[in-house]
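Undergrad: Got a sequence here, can you model it:
(one chain, ligands or ions: 1)
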Amino acid sequence: MIATLLLASLLIQDPPSELRVQDLQAHIGFLASDELEGRESGERGEKLAVQYIVQQWERLGLKPIAPDGAYTLAFEAAGKKCTNTAALLPGTDPKLADQILVIGAHHDHAGIGGPGSPGGMGNPGEIHNGADDNASGTAGVIELAEWFAAHPTRRPILFMTFSAEERGLLGSADFVAHPPFPLQNIRAMLNCDMIGRSSDGYLFLGGLGTADEFHALLDPIIENSGLKVEKSDDGMAPSDNSSFHAAGVPALFFFTHIHPDYHMPGDDADKINYPGEVAVLQLVRAIVQAIQDHDGPLTFHERPEMGMPADFNERMSEHFQHIMQRRSLHGSAGLRVIEADGALVLDELREEAPARKAGLQKDDRLVSVNGMPVADKEQLRRALASGQKGEVVTIVVRRGGAERQFQVTLE
Ligand SMILES: [Zn+2]
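TA: Next up, the predicted model:
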């Protein structure tokens with residue numbers, strides 16, 4: 001972890017003059033690394049992510065807004081302590097201090113799958129790195145914060161990252177329910193959720209109908225962006241902008257569409273289109289500048305419909321079909337284990353269990369699976385996570401003082 005953090009800080013040089021591919025690579029590379037275990041809200045991985053994000057807010061000299069002077073805002077969800085982050089960049093005109101623009105992204109993801117994991121679609125034990133969902137948005141918010149810290153606007157910007165989005169937008173809902181300042185001071189909200197997989201310059205931009213002035217103000221910028229922007233006026237999305245919209249705040253949603261790795265263990269940093277994300281962020285930046293320079297009102301307009309790409313449902317159902325197919329190929333060894341004295345000991349195996357057919361028996365102590373040591377259930381899950389039906393795995397056990405090796409065909 002330390003090595004990665006060091007690498008990230010070496011790559012980010014100041015003063016920042018542009019939105020940079022290398023910075024995004026450093027942020028996403030860390031946030032979506034296996035060390036963060038899929039950043040499940042309330043778990044160790046999220047705490048490491050929050051620590052990293054807070055380091056960025058400190059580095060950029062942004063201001064905490066929590067009553068206790070912290071960059072973190074904690075709340076409880078699913079019986080766990082979850083943490084949003086918030087950092088304020090004051091505007092250059094003190095008279096406009098109560099006209100805040102929020103730029104946000106959720107930093108949590110699906111963890112390592114299995115029961116209780118929010119939305120992970122891989123096999124239990126596989127790390128869902130969530131590089132696009134939503135290390136991409138988190139990195140984008142950090143990169144925008146860096147740029148605006150060097151180029152402040154007249155009105156303040158509040159940079160936020162949300163927890164427990166994957167549990168049902170809980171972090172953003174908690175923030176609008178318990179804001180540390182009057183909610184009417186938030187003029188608009190921009191939400192980046194999955195902005196790292198733009199292909200051919202595609203971007204979905206939702207919520208354009210949530211302020212009466214957005215079209216006149218933003219359409220020319222969108223047309224000149226060079227991106228293929230699919231626009232929607234609708235205010236709702238399965239993401240944090242919906243919480244702000246529901247609280248009466250004009251809110252925009254930036255999204256480069258789903259892909260075969262959506263909520264799957266393969267959502268990795270090396271699949272991000274970094275120059276594509278920079279292009280998206282250039283448009284977000286231009287929109288921020290237009291909103292911040294706009295002296296008239298932004299008039300909230302409720303748009304309760306779900307606004308998503310036209311082919312979203314179609315692509316989502318294709319995605320689910322692929323997952324079902326992948327699941328049906330997943331093979332099991334039929335192991336039943338109990339943890340005892342720092343080792344895994346086999347329980348009584350079902351008669352038809354592949355492990356039993358291969359010769360394993362009750363009270364065998366597991367040593368390794370395919371060469372990977374397995375001392376606890378978590379390690380065992382990981383060792384068998386990607387096994388497919390028909391695949392042969394080598395299981396080493398200790399029986400009566402001697403190590404013995406078995407070839408188990410997964411079923
Ligand atoms: Zn997600």
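Undergrad: Pairing partners for the helix or strand containing Leu158, with directions?
TA: Assigned by DSSP states H and E, Leu158 belongs to strand 157-162. Looking at strand 157-162 with DSSP bridges, its partner strands are strand 80-89 (antiparallel), strand 100-106 (parallel).
Undergrad: Deepest-packed of those strands, please.
TA: strand 100-106 (a mean of 27; mean count of other CB atoms under 10 Å). (Glycine included, C-beta is placed from N, CA and C.)
Undergrad: how about the CA coordinates for it, as PDB?
TA: Taking C-alpha atoms only, strand 100-106 is exported to PDB below (Å, rounded to 0.1, in the frame of the first residue of the first chain):
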ATOM      1  CA  ILE A 100     -22.100  26.600  -4.000                       C
ATOM      2  CA  LEU A 101     -21.600  24.100  -6.800                       C
ATOM      3  CA  VAL A 102     -21.200  20.500  -5.700                       C
ATOM      4  CA  ILE A 103     -19.000  18.200  -7.800                       C
ATOM      5  CA  GLY A 104     -19.300  14.600  -6.600                       C
ATOM      6  CA  ALA A 105     -18.700  11.000  -7.300                       C
ATOM      7  CA  HIS A 106     -19.100   7.800  -5.200                       C
END
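Undergrad: And the average pLDDT for that strand is what?
TA: Averaging pLDDT along strand 100-106 yields 98.
Undergrad: tell me the average confidence for the very next helix or strand once past that strand?
TA: Counting by DSSP H and E, the next helix or strand C-terminal to strand 100-106 is helix 137-150. For helix 137-150, the mean pLDDT works out to 97.
Undergrad: between helix 137-150 and strand 100-106, how big is the angle?
TA: Relative orientation of helix 137-150 versus strand 100-106 (axes from the mean of the first three to the mean of the last three CA atoms, to 10 degrees): 150 degrees.
Undergrad: Quick check: buried residues in helix 137-150?
TA: 137-149 (16 or more other CB atoms under 10 Å).
Undergrad: which strands and helices sit next to it?
TA: helix 21-31, helix 44-59, strand 80-89, strand 100-106, strand 157-162, strand 186-192, helix 274-293 (3 or more CB pairs under 8 Å, 6 or more residues apart in numbering; DSSP states H and E).
Undergrad: So for Asp200, which of these sits nearest?
TA: Minimum separation from Asp200 across the helices and strands packed on helix 137-150 (CB to CB) falls at helix 274-293, 8.9 Å.
Undergrad: ok, then the element right after that closest one?
TA: Going down the chain from helix 274-293, the next helix or strand is helix 312-329, by DSSP H and E.
Undergrad: who's in contact with that next one?
TA: Met121, Asn123, His257, Ile258, Pro260, Tyr262, Met264, Pro309, Gln388, Lys389 (CB atoms under 8 Å, 6 or more residues apart in numbering).
Undergrad: Also stretch 41-53?
TA: With contact meaning CB under 8 Å, 6+ apart, stretch 41-53 is reached by 1, 5, 8, 30-31, 35-40, 71-72, 77-83, 85, 107-108, 111, 118, 138, 142, 161, 163-167, 170-171.
Undergrad: how about that stretch: buried residues?
TA: Ser41, Gly42, Glu43, Gly45, Glu46, Leu48, Ala49, Val50, Tyr52, Ile53.
Undergrad: Any idea how far that stretch is from the middle of the chain?
TA: 11 Å (CA atoms, centre = their mean, to the nearest Å).
Undergrad: I'd like the average pLDDT over it.
TA: Mean pLDDT, stretch 41-53: 97.
Undergrad: likewise stretch 215-225?
TA: For stretch 215-225, the per-residue pLDDT averages 97.
Undergrad: ditto for stretch 272-280
TA: Model confidence over stretch 272-280, given as mean pLDDT, is 97.
Undergrad: Just the residues contacting it, thanks.
TA: Residues from elsewhere that reach stretch 272-280, judged by CB under 8 Å, 6+ apart: 19-21, 24-25, 28, 131-132, 136, 139-140, 192, 195-199, 201, 203, 225-227, 254, 256.
Undergrad: and it, how far from the chain's centre?
TA: That offset, for stretch 272-280, works out to 16 Å (CA atoms, centre = their mean).
Undergrad: who touches the spatially most central residue of the chain in this structure?
TA: Centre of the chain computed as the mean C-alpha position; nearest residue by CA atoms, centre = their mean is Asn134, 2.7 Å away. Taking CB under 8 Å, 6+ apart as the criterion, Asn134 is in contact with Ala105, His106, His107, Asp108, His109, Glu165, Cys192, Asp193, Met194.
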